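[1] Sequence first, predicted model second:
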Amino acid sequence: MALSRFGSNPRMKVMWHLSWPAIIEQVLATMVSYVDTAMVGVLGAAATASVSVNASSIWLINGILAGIGVGYSVQVSNAIGAEDDARARRIIRQGILATVVCGMAALLLFQLLAPFIPVWLGAEPSVRPTATAYLRWYTLCMPFAAASAIFSAILRCMGNTKTPLIFNFSANLINLVLNFFLIYETRTVTVGGFSLTVPGAGLGVAGAAIASAVAWAFAGSMLLYAGIRQGPRFQVRFREGFRPDSSIIQMALHLGLPSALERATINLGQIVMTALVASIGTVALAANQIATTAEGLCYLPAYGISYASVALVGQSVGARSAENARAYGSLSAKVALVLCTGLAVLLFLFAPALASLFNSDPQVVEQSALMLRIVCFAEPFFALSIVLSSNLRGAHDVRYPMVVGLICMWGVRIVLAPILVIYGKLGLAGVWIAMSVDLILRGILCTHRWHSGKWVQIAGLDAQPAVHTTPS
């Protein structure tokens, strides 16, 4: 199926207008994360392992914050679709309260648990001190990470996908520049025959964490500011007050809690997987981190498209148009499938070259490339699950993706991986085979749910007349 077939579709133009900034944001963020991983990888496998062992716990909290963002952003898209600007402003103000409360709670929790998390996740004794330092410094940014997660989602569901692109990418550039000065010692660099002394703090892994925290602080504060100054229709008016609104909070819990639980379920499973990988050895842990970073190349277009599709489905639901919701949701899934299949082919072909960009250890590179080739076959299904899960959330069908995440992670991956690693003697490959089976099943189940049309009833679109508006 070629993308040119959709070229004359007016819905395609609307969807692509919202999708391309989000896709570019994902591409640029992934490229920066590649460089970030490579900069730490220069320090060796132990440094990469120090970051890797913390990755799943950071994914966990970011996933929960993203779920909270769903609770408020879907309500904003519904209000815009219903042309209720006053309610949209109220929801944004409640989003500010959620940012403060959740961000501070995450900050306190991680500062308390930082010495224990690497131990719980099975890090080797030599890795634990640097892993703890990394987690302490990185999680100082949690209030800003909350602002970034919640207000990136709100802005996208308002139809503004360019502002998150600008600020999130700027933050990534800040991260790279600070990495350059904080990770390494002061050194002499020769450029074009000229020797230049480059100052450096020599903080190693802790320097990478500090750079990330500063970058998050920039992105979060800027996105919060953009969210409260979003044009005359939706600009937050402080005189309207910030008193908690029980109806909005209850709906945010209804929409966001299943999504947060889904992400928590998946990320807790990833923590279990990280502990399993850590038990294999430091090389396996480093290879797993490299492969996980490189794998993002395949599914990042799906995430970009999902940011647009949840806004379009949510606004269509607010306008009471089942036709628009179904059309936008199906179109977004088809486009994501085509793009991610093409990228999976390229990833399979260039896996060794890609893995070698991040680490010079031959064993790490060899294992990373093998893991990438294993997971390539699951990426098209993963793309479908990413987009269709977002579509279901936009239509208030939030429990199904949670159940799918629970079944696939804990009923498939967590059960199958130890069997393949311990009894099948497959090592790290067993973990990635189990993950691939999980992703394939997830894509199949989400596709079935979308085509079943159950979400139409959940959103109440089968009982109320449509308001004929075009999503913004």
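    Ah, there it is.
[2] Give the ranges of residues in the protein that sit below the confidence cut-off.
    1-8, 30-34, 192, 359, 463-472 (pLDDT under 70).
[3] The stretch 151-300 of the chain: helices as residue ranges?
    162-182, 205-228, 231-234, 246-280, 282-318 (DSSP state H, counting those that start in this stretch).
[4] Now the helix or strand hosting residue 13: buried residues?
    According to DSSP states H and E, residue 13 maps onto helix 10-41. For helix 10-41, the neighbour count (16 or more other CB atoms under 10 Å) marks 11-12, 14-16, 18-30, 32-41 as buried. Every C-beta, even on glycine, is put in place using the N, C-alpha and C of the backbone.
[5] and the helices of the stretch 151-300 of the chain, which is most packed in?
    Of all those, helix 282-318 carries the top mean neighbour count, a mean of 27, counting by mean count of other CB atoms under 10 Å.
[6] The helix or strand just after that one: which residues count as buried?
    Once helix 282-318 ends, the next helix or strand along the chain (criterion: DSSP H and E) is helix 322-349. Using 16+ other CB under 10 Å as the test for burial, helix 322-349 gives 322, 324-341, 343-344, 347-348.
[7] ok, now which ones touch the nearest residue to residue 263 once chain neighbours are set aside?
    Nearest residue to residue 263, sequence neighbours excluded (CB to CB, 6 or more residues apart in numbering): residue 63, at 2.9 Å. By CB atoms under 8 Å, 6 or more residues apart in numbering, the contact list for residue 63 reads 260, 263-264, 266-267.
[8] do the same with residue 381
    Counting by CB under 8 Å, 6+ apart, residue 381 has contacts 439-444.
[9] Please check those and keep the buried ones.
    Neighbour-count burial within the contacts of residue 381 applies to 439-443; the criterion is 16+ other CB under 10 Å.
[10] Now tabulate those in JSON lines and tack on distance to residue 429 and secondary structure.
    Compiled in JSON lines, the buried ones among the contacts of residue 381 are given as follows (distance: CB to CB, whole Å; DSSP: H, G, I helix; E, B strand; the rest coil):
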{"residue": "439", "distance to residue 429": "15", "secondary structure": "helix"}
{"residue": "440", "distance to residue 429": "16", "secondary structure": "helix"}
{"residue": "441", "distance to residue 429": "19", "secondary structure": "helix"}
{"residue": "442", "distance to residue 429": "20", "secondary structure": "helix"}
{"residue": "443", "distance to residue 429": "21", "secondary structure": "helix"}
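[11] Residue 452 and residue 397: what is the separation?
    According to CB to CB, to the nearest Å, residue 452 stands 10 Å off from residue 397.
[12] Just confirm the residue nearest to residue 263 is within a strand.
    No: per DSSP: H, G, I helix; E, B strand; the rest coil, residue 63 lies outside any strand segment and is helix.
[13] right, and the helices of the stretch 151-300 of the chain - which one's nearest residue 421?
    Nearest to residue 421 among the helices of the stretch 151-300 of the chain is helix 246-280 (6.4 Å), distances taken as CB to CB.
[14] and the closest one, what does it pack onto?
    helix 45-81, helix 85-113, helix 282-318, helix 379-394, helix 399-406, helix 414-418, helix 428-452 (3 or more CB pairs under 8 Å, 6 or more residues apart in numbering; DSSP states H and E).
[15] Ok, which of those comes nearest residue 255?
    Here helix 45-81 is closest among the helices and strands packed on helix 246-280 (CB to CB), at 4.6 Å.
[16] and the angle from that closest one to helix 205-228?
    Using axes from the mean of the first three to the mean of the last three CA atoms, to 10 degrees, the inter-axis angle of helix 45-81 relative to helix 205-228 is 10 degrees.
[17] OK, contacts around residue 155?
    By CB under 8 Å, 6+ apart, the contact list for residue 155 reads 161, 163-164, 223, 226-227, 230.
[18] now do residue 287
    363-365, 367-368, 371, 428.
[19] go with 10 Å
    45, 48-49, 52, 277, 280-281, 355, 358-359, 361, 363-371, 427-428 (CB atoms under 10 Å, 6 or more residues apart in numbering).
[20] just the buried members of those residues?
    45, 48-49, 52, 277, 280-281, 355, 358-359, 361, 364-365, 367-371, 427-428.
[21] ok, now which ones touch residue 185?
    By CB under 10 Å, 6+ apart, residue 185 lies in contact with 198-204.
[22] Swap in 8 Å and give it another go.
    Residue 185 neighbours (CB under 8 Å, 6+ apart): 200, 202.
[23] Which strand residues bridge it?
    residue 201 (DSSP bridges).
[24] Let me have the helices of the stretch 151-300 of the chain in JSON lines, adding distance to residue 107 as columns.
    Shown next, in JSON lines, are the helices of the stretch 151-300 of the chain (distance: least, CB to CB, whole Å):
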{"stretch": "helix 162-182", "distance to residue 107": "18"}
{"stretch": "helix 205-228", "distance to residue 107": "11"}
{"stretch": "helix 231-234", "distance to residue 107": "28"}
{"stretch": "helix 246-280", "distance to residue 107": "17"}
{"stretch": "helix 282-318", "distance to residue 107": "24"}
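[25] Which one of these lies nearest to residue 150?
    Between those, helix 205-228 lies closest to residue 150; by CB to CB that is 8.2 Å.
[26] how near is residue 370 to residue 35?
    For residue 370, the distance to residue 35 (CB to CB) stands at 23 Å.
[27] which ones are touching the nearest residue to residue 380 once chain neighbours are set aside?
    Take residue 380 and drop its neighbours on the chain: the residue closest to it by CB to CB, 6+ apart is residue 341, 4.6 Å away. Applying CB under 8 Å, 6+ apart to residue 341 gives the contacts 379-380, 383.
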